[in-house]
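Predicted model, plus sequence, below.
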Amino acid sequence: MSTRCGRRSARFVMRSVMLLVVAGTVPAFSDPTLPNETPATFVPRVDSFDYTKREVMIPMRDGIKLQTVILIPRGAHRAPILLSRTPYGATSRIAKNASEHLDALLDNNDVADVAVLDSGYIRVVQDVRGKHGSEGDYVMTRPLHGPLNPTSVDHSTDTYDTIDWLIKNLPETNGKVGILGISYDGFTSLMALVNPHPALRAAIPINAMVDGWMGDDWFHKGAFRQDSLTYIHGQESTRGSDISWWTDHYDDYDTWLNAGSAGEMARRHGLEQVGFATKVMNHPAYDEFWQDQALDKILAKQNVAVPVMLVHSLWDQEDIYGNIARFTRHSRRNRPIPRTSIWSSARGFIISSGSTAAPSDRSASAATPRNTSARIWYGHSSITI
């Protein structure tokens, strides 16, 4: 009896479902939902931090915006600004040490760490035009506006526009700016001296790129540094410098022997696709291409009024020439001459008064001289007044 009733019930249910399907009134059945555990926007809690970090896109005169990271010590008031402009990634430079403390965030890889930590400076790092988070086109060591650069913008104008924005939009600043950096960042520090913004009160170029043929980076008085191709590949293959140079031998010496020539090595790595490699290959002699962008010559023709401290080492495989050449030309034509600081070590160790050299660590012995000259120099160059 129960079996027959069950069959009748099943047939009734099936007929009912079929009728509902025909009538188009079947109720919607949906899979059960599991809520997304990731918020639409996560807001970090940073109330305990001893600094404030801001990431902004600063507009240039041609409408291009440049990615800029700003670190402001908590409670800063009428603080001067220390600016660096770099092709090496402003955000990644700061993000490598996540911490609520500014001293851990900067650490001693930052050339301005002691000045910021001990004297309350605002630290600003910016991606140059065309690199990483910045908009626009990238040109290696972009020349000044002129025969080699028909556009209206260069590192001089970009620095001017950046400083102008900073002093108008950071209420914590006293409106005075210093610029500093090593190597390429030293080059951008020197470029800031061409038609400088009135708020630029001091500059510290460290082993700066000045003349790429005479002795900085690409050539050393005609001798091409073939390993420059690896750098050019890293800088210009992508905006984010995220394609690695590959090798087919354990020893680089064997790699270059196997290639046979710089041109063949460039071909194997597809460097005909990037602009600067072609320029280097097309200008092996000291022609107008190199002469017209030599910064020691350019700055010697200007009445540079901004105080400058040139920091240089006695050994540097990339940039051994520039700062000494800059000092020599300046001292012949201008007074007062810039201060020089020379130490007997490779780049990246310390910034000192020239009397000592020590590994860059946070020990008391090394931390004391590190950045001392930079801090004193900025203090005497009206940046803190």
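That came through, no problem. Numbering: from 1, shown residues only.

Can you find the helix or strand in the chain with the smallest mean pLDDT?
helix 364-367 (a mean of 34; mean pLDDT, DSSP states H and E).

Sketch out the strands for the stretch 1-150 of the chain, chain order is fine.
51-59, 65-73, 79-86, 122-127 (DSSP state E, counting those that start in this stretch).

again with the stretch 151-300 of the chain
173-182, 200-206, 219-220, 223-224.

Looking at these, which one is packed in the most?
Highest mean neighbour count of the strands of the stretch 151-300 of the chain: strand 200-206, a mean of 27 (counted as mean count of other Cβ atoms under 10 Å). The C-beta positions use only the backbone N, C-alpha and C, and glycine is treated the same way.

Check the spatially most central residue of the chain and give its pLDDT.
For the chain, the residue sitting closest to the mean C-alpha position, by Cα atoms, centre = their mean, is Thr86 at 2.6 Å. Thr86 is assigned a predicted lDDT (pLDDT) of 96.

Can you tell me how far it is from Val308?
Using Cβ to Cβ, to the nearest Å, Thr86 is found at 19 Å from Val308.

And for Gly120?
When distance is defined by Cβ to Cβ, Gly120 is 23 Å away from Val308.

Near Pro147, how many other residues are there?
11 (other Cβ atoms under 10 Å).

does it really touch Asp292, like I thought?
Yes. Between Pro147 and Asp292 there is a contact under Cβ atoms under 8 Å: 6.3 Å.

Now do the contacts for Arg239.
130-132, 138 (Cβ atoms under 8 Å, 6 or more residues apart in numbering).

Could you rerun that using 10 Å?
Contacts for Arg239 (Cβ atoms under 10 Å, 6 or more residues apart in numbering) come out as 127, 130-138.

among those, which ones are buried?
127, 130-136, 138 (16 or more other Cβ atoms under 10 Å).

which one among these gets closest to Trp165?
Ser134 (13.7 Å; Cβ to Cβ).

didn't that closest one look like it was pressed against Leu66?
Yes. With contact defined as Cβ atoms under 10 Å, Ser134 counts as touching Leu66 (4.3 Å).

Now do the helices in the stretch 151-300 of the chain.
Remark: helices assigned in the stretch 151-300 of the chain by DSSP state H, counting those that start in this stretch are 155-169, 184-191, 228-236, 252-259, 262-268, 275-282, 288-291, 295-300.

out of these, nearest to Pro80?
Nearest of the helices of the stretch 151-300 of the chain (Cβ to Cβ): helix 155-169, 10.3 Å.

name the helices or strands packed onto that closest one?
strand 51-59, strand 65-73, strand 79-86, strand 122-127, strand 173-182, helix 184-191, strand 200-206 (3 or more Cβ pairs under 10 Å, 6 or more residues apart in numbering; DSSP states H and E).

let's see 6 Å
When contacts are defined as 3 or more Cβ pairs under 6 Å, 6 or more residues apart in numbering; DSSP states H and E, helix 155-169 packs onto helix 184-191.

Now do the helix it packs on, average pLDDT.
96.

Also stretch 33-53?
In the prediction, stretch 33-53 has an average pLDDT of 92.

In it, which residues are buried?
51-53.

okay if I get the strands of the stretch 1-150 of the chain as CSV plus distance to Phe327?
What follows is those, written out as CSV (distance: least, Cβ to Cβ, whole Å):
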stretch, distance to Phe327
strand 51-59, 32
strand 65-73, 30
strand 79-86, 21
strand 122-127, 26
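
among these, which is nearest Gln302?
Closest among the strands of the stretch 1-150 of the chain, once you apply Cβ to Cβ, is strand 79-86, at 19.3 Å.

orientation of that closest one relative to helix 155-169 in degrees?
If you take axes from the mean of the first three to the mean of the last three Cα atoms, to 10 degrees, strand 79-86 sits at 150 degrees to helix 155-169.

Keeping just the C-alphas, turn strand 79-86 into PDB.
The C-alpha trace of strand 79-86 is given here as PDB (Å, rounded to 0.1, in the frame of the first residue of the first chain):
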ATOM      1  CA  ALA A  79      60.400  71.400   7.900                       C
ATOM      2  CA  PRO A  80      62.800  71.600   4.900                       C
ATOM      3  CA  ILE A  81      62.500  69.100   2.100                       C
ATOM      4  CA  LEU A  82      65.100  66.700   0.800                       C
ATOM      5  CA  LEU A  83      64.300  65.500  -2.700                       C
ATOM      6  CA  SER A  84      65.700  62.800  -4.900                       C
ATOM      7  CA  ARG A  85      64.600  62.000  -8.400                       C
ATOM      8  CA  THR A  86      65.400  58.500  -9.600                       C
END
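
contacts for it?
Contact with strand 79-86 is made by 112, 120-126, 128, 166, 172-174, 176-179, 181, 185, 188, 383-384, as judged by Cβ atoms under 6 Å, 6 or more residues apart in numbering.
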